[in-house]
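**Q** Show me how the following folds:
(2 chains)
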Amino acid sequence: MTEIVSLRPLLAVGAGLAVVLPILLSGRRPALREAWTFAAGAVQLGAALSMLPAAFAGAAHTSPALPLLPGMPLQFRADPLGLLFLTLSSILWLATSSYSVGYLRSLGLRHQTGYFAAFAAAVAAAAGVALAANLVTFLICYEVLTLATWPLVVHKRTAGVLGSGRSYLAYTLIAGQLLLGAVVWAGALAPGAQFTPGGFLAGAASDGVLRVLFVLLLIGVGSKAAVFPLHGWLPAAMVAPTPVSALLHAVAVVKAGAFGVLRLTGWVFGPDLMHDLGLSLPLAVLAAGTILMASLRALGEDHFKRRLAYSTVSQLSYIVLGGAIGTPLALAGAAFHIAAHGFLKITLFFCAGSVYAATGREHISQLSGLARAMPFTFAAFAVGALGMAGMPLLPGFISKWNLALGALDDHQLWVVALLVVSGLLNLAYYLPILRIAVFEPGDDRRVREPSAWLVAPPVFAALAAIVLGVAPDAGARFWFLAESAARSVAAHAPQFLTGGLP
Amino acid sequence: MRDVLPGLLVALPLMGAALVPLLAALSRRTTRAAALGLHAAILAAALGLFGSAAADGPIRYAVGGWPGPWGIELWFDGLSTLIAVLVAGMACFASFAQTFGADRNGAAPASTPLREGLLRGALLLLVGGLLGIVATRDVFNLFVFLEISSLAAYTLVASGEGRGAVAAFRYLLAGTAAGSLYLFGVGFLYALTGTLNMDDLAARLPSVEADAALTVAVVLIAVGLSIKAALFPLHGWLPDTYVYTPTPAAGFIAAVMAKVSAYALLRLLGEVLAGTTAGAVVLEITLWLGILGVLVGGILAVAQRAVTRMLAWSSISAMGMILIGVGMGSALAITGALFHMAAHALAKGCLFFGAGGIRTSEDGDEPGRWAGLGSRAPWTLAALTVAALSMIGIPPTAGFFSKYYLLSASIEAGGPAGIAAFAAIILSSLLATVYFLRVLEAAWFRTPGDAPDVAGDPASRPPGPVLPRPLAVPVVGLAVLVLLTGIFARPFERHVLPDWESGTARISAPAP
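**A** The predicted structure follows:
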């Protein structure tokens, strides 16, 4: 792959970071403050889009290596996988920002300045996670992401909320320290620790050491990805304002964790080494267990946002599953699911937030009849719910279909069965929401759609999801990016060259 | 420059210590200006020596024109000038902070000009003693400077109200024991080799290697300096001393004092006595005690209810971390230890200035007293947050990089000690997360009413700013330095930290 040395990756990461201080300083002028956010979002999106043509041509923009540690520079590189995540987060950041403006103002929440500043820092850190070219850069962005999200999670400042914030920090910072140890270790074994398609650790140490290292790294990234049994913080973090939950799930924290798992399996260890060490199957089983467990928990959950949270736990383990299987199609499906889940889940959260903003209701059993009062919101919700279940013509179908094909390449029939069962479970916990909202008689005739700030983002995200499902290779070409990421790994994993991509 | 600065570096603070109290007869303003000017001049001299040693190699300076091994020599290489800059720089901040007089646990409320002059003189004397320890090439002379710095420190500690005197007495007992043990050790060395000059000693030691008295000497010296460096389990004096010292002096003492003793340990055990078996064994023990200290300090810091006491225990953990590096002795480990010295000095100085000031303004020391400070004094709290994150080791602050080097060195060292050090450093970060985030959470996200550990009416707090300017300026300045050292960690490591090769500290030639 050709490298183009340019400053665009730095621009993409720096845009959000650069506006943190201006946002804090313009707290008295909300219009100006929000303008900073949108300006940074536009710059980040522009930088991401400007790097796409090179990626389509098989090249990658790489930032100059900034000195950081011996042999380990601070470096950002827009490879297909990173660019996929970056483009997704830029688009969704803009959507979430406009949603946030409406949400915070309609509910009259306090601390809005700190909110937007932390939001910008979190998105910048997520962009850094996306483009990190080596483990140290990844680690730094990862830690910044953890801390930048803390003020967002504890936004309501009550004692219970602070407790949830502690739980969030306990999981993520402990995992972060294990990740630090693992990164130092990996850097000692393989100088530079640069993400390489197909992995860079093969033969660097004995099998036992590599297995321990894998477990440490997996805990490090897996706790953010909410892989069982490290998922406990995620439902608790639902105390955050809804746009924050949307960001946490679709873009920043949880998604960064899932993205980290893909980097770990495809770019640090590589499918070959994972198989040789006997790590693939245990990881796949762990992911499968998480998918089922979280789906079952979602069935019994009446709190709207917490049901969505368990759904995230379940859906992100598809990405982990794809990374564990490691065949080209499975990896492509997993990478595509980053984008697919991003658009779908942000739609669902936006809808949940709109319901809360319009009615103050937080539980599914209270949704009776709301679909007639809020048709746009619930139409968008229907798209998100069906997409999650893997309905054709929606993006969830594409990722699951390829995951299944990839699993078959590896003769893992049980994965197909799992995907079917999980799809049914998805329907089982999403359709009742629609049933209650559409068919049960409403009890409050005064309910109306909230302001346009709150209606437009979910509708936009739902439409984007439909486009992505019908034409996955249009526009930003998310499918192409996912496929070329998987192809680059496969090229360095000869064991898997036989089956897979056309 | 190379002929004048070495003498000035030690002479300026010692003469200033005598002069500044006299100026108190004129006016407070003159005293302050003179003290600040002196500290700035000392820093300039230290920086000049640092630059000169970096550009043209180490400087050997014979005091009074008497060359070694008979006369006393001063020795300025990359290592000693680095520590000198650290000491002199922190002293500037402390001198600025000394304008802050009224501290509940600190100086007398209505500080008289004479008292202020005397305390400023004591700080200068302390700086002179520490710079002497850093610079001298003579093991007995090192004892003299050790005592000078200790006496000045006792004065500063005892100037605190209330239990300051008790803390000072306790510190005095420990310090005297430390000094005596060190002196005994030097006596043995002198009896064995007939010399006190470090270079001469290093040359003569191989001929007395077999003598059991050498082991005694090495152990005595190591124990003496370990007490001053607060190496576990010889740390007992530290918490009370740090807590009851008046804030301006506490910020300085907590930042550099134990580190200078750690430097002396490194200089003697890592360089002068490096060839001896006893020295190697003692370093190995230091490494293991450092590991224990990191854990014990961290665990007890979690158990503290008062912020300054928590910071004091966290210092014991940090000293353990530095001594892990010293004990390992590899180039990477020494880089880590020196990086951590700098990172911890900047961050802990910042935190002690801040926490001490908040203890006074909020009339209490529990984390709950910090509730709501984030909205009342956002910039100060942002600075303290940066320092706390550096203590935890969150990028991009300096503390992350020092931990990274120490972790790399542990991996490189391998074996049980390497694994234990690796685990201890990771664990200590987790403990630091617990005890620092408790405070930060209160400061940023709690309101004064709902803090669980503070009784009484928040409205009864004394009026005034959270941190007065004499403390706010050092707090913000140090936090900026913590951040800059972190962001420019690689240049800092390559151009500022000395290369440590086979037991001799030499500043590297500036990289192209």
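**Q** Of all the residues in the stretch 201-350 of chain B, which one is nearest chain A?
**A** Taking Cβ to the nearest Cβ as the measure, the stretch 201-350 of chain B has B:L332 as its residue closest to chain A, at 8.6 Å. C-beta here means a position set from N, CA and C on the backbone, and glycine is covered the same way.
**Q** and that residue, how many residues sit next to it?
**A** When neighbours are defined as other Cβ atoms under 10 Å in any protein chain shown, B:L332 has 21 of them.
**Q** now swap in A:L11 and tell me
**A** So A:L11, with other Cβ under 10 Å, has 21 neighbours.
**Q** Once you drop chain neighbours, what's closest to it?
**A** A:A47 (4.4 Å; Cβ to Cβ, 6 or more residues apart in numbering or on different chains).
**Q** immediately after the helix or strand hosting the one you found, which helix or strand?
**A** For A:A47, the enclosing helix or strand under DSSP states H and E is helix A:30-56. Following helix A:30-56 in sequence order, the next helix or strand is strand A:59-62 (DSSP H and E).
**Q** Would you give the sheet partners of that following strand, along with the direction of each?
**A** For strand A:59-62, the pairing partners within the sheet under DSSP bridges are strand A:2-5 (parallel), strand A:77-78 (antiparallel).
**Q** quick one, which of those strands is packed in tightest?
**A** Per-stretch averages of neighbours, counted by mean count of other Cβ atoms under 10 Å in any protein chain shown, single out strand A:77-78 among these, with a mean of 26.
**Q** ok, residues contacting that one?
**A** Contacts made with strand A:77-78 from outside it, assessed by Cβ atoms under 8 Å, 6 or more residues apart in numbering or on different chains, are listed as A:3, A:8-9, A:12, A:51, A:54-55, A:60-63, A:86, A:131-133, A:195.
**Q** can we see that at 7 Å?
**A** Residues from elsewhere that reach strand A:77-78, judged by Cβ atoms under 7 Å, 6 or more residues apart in numbering or on different chains: A:P9, A:M51, A:A55, A:A60, A:H61, A:T62, A:L131, A:A133.
**Q** in the stretch 201-350 of chain A, which spans are helices?
**A** Chain-ordered helices for the stretch 201-350 of chain A, with DSSP state H, counting those that start in this stretch as the definition, fall at A:207-222, A:233-236, A:242-250, A:253-262, A:270-276, A:280-299, A:304-325, A:328-359.
**Q** At the contact with chain B, which residues of chain A appear?
**A** Applying the criterion Cβ under 7 Å from any Cβ of the partner chain, the portion of chain A that neighbours chain B consists of A:67-69, A:140, A:143-144, A:147, A:154, A:157, A:159, A:162, A:169, A:173-174, A:177, A:181, A:184-185, A:188.
**Q** Make a PyMOL selection of the buried ones in those residues.
**A** The following PyMOL selection, which keeps only the buried ones among those, applies the criterion 16 or more other Cβ atoms under 10 Å in any protein chain shown:
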select buried, chain A and resi 68+69+140+143+144+147+154+157+162+169+173+174+177+181+184+185+188
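**Q** among the residues of chain A next to chain B, which are in helices?
**A** Secondary structure of those is defined by DSSP state H; positions in helices are A:140, A:143-144, A:147, A:159, A:162, A:169, A:173-174, A:177, A:181, A:184-185, A:188.
**Q** Serialize those to TSV and add fields for pLDDT and distance to A:A121.
**A** Rendered in TSV, the data for these read as follows (pLDDT from 0 to 100; distance: Cβ to Cβ, whole Å):
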residue	pLDDT	distance to A:A121
A:I140	93	13
A:E143	91	12
A:V144	92	7
A:L147	90	8
A:A159	82	25
A:L162	87	20
A:L169	88	16
A:L173	88	16
A:I174	88	21
A:Q177	90	21
A:G181	92	25
A:V184	92	25
A:W185	91	28
A:A188	89	30
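**Q** which of the residues you listed sit farthest apart?
**A** A:A159 and A:A188 (43.2 Å; Cβ to Cβ).
**Q** Now do the SS call for whichever residue of chain B sits closest to chain A.
**A** Shortest chain B-to-chain A distance, computed as Cβ to the nearest Cβ: residue-wise this is B:R490, at 3.6 Å. The three-state label for B:R490, taken from DSSP: H, G, I helix; E, B strand; the rest coil, comes out as helix.
**Q** List the contacts of the residue lying closest to it once chain neighbours are set aside.
**A** Nearest-residue entry for B:R490: A:P67, 3.6 Å, with adjacent residues in sequence omitted and distances by Cβ to Cβ, 6+ apart. Under the criterion of Cβ under 7 Å, 6+ apart, the contact list for A:P67 reads A:P73, B:R490, B:P491.
**Q** If anything else comes up later, I'll come back, but that's it for now.
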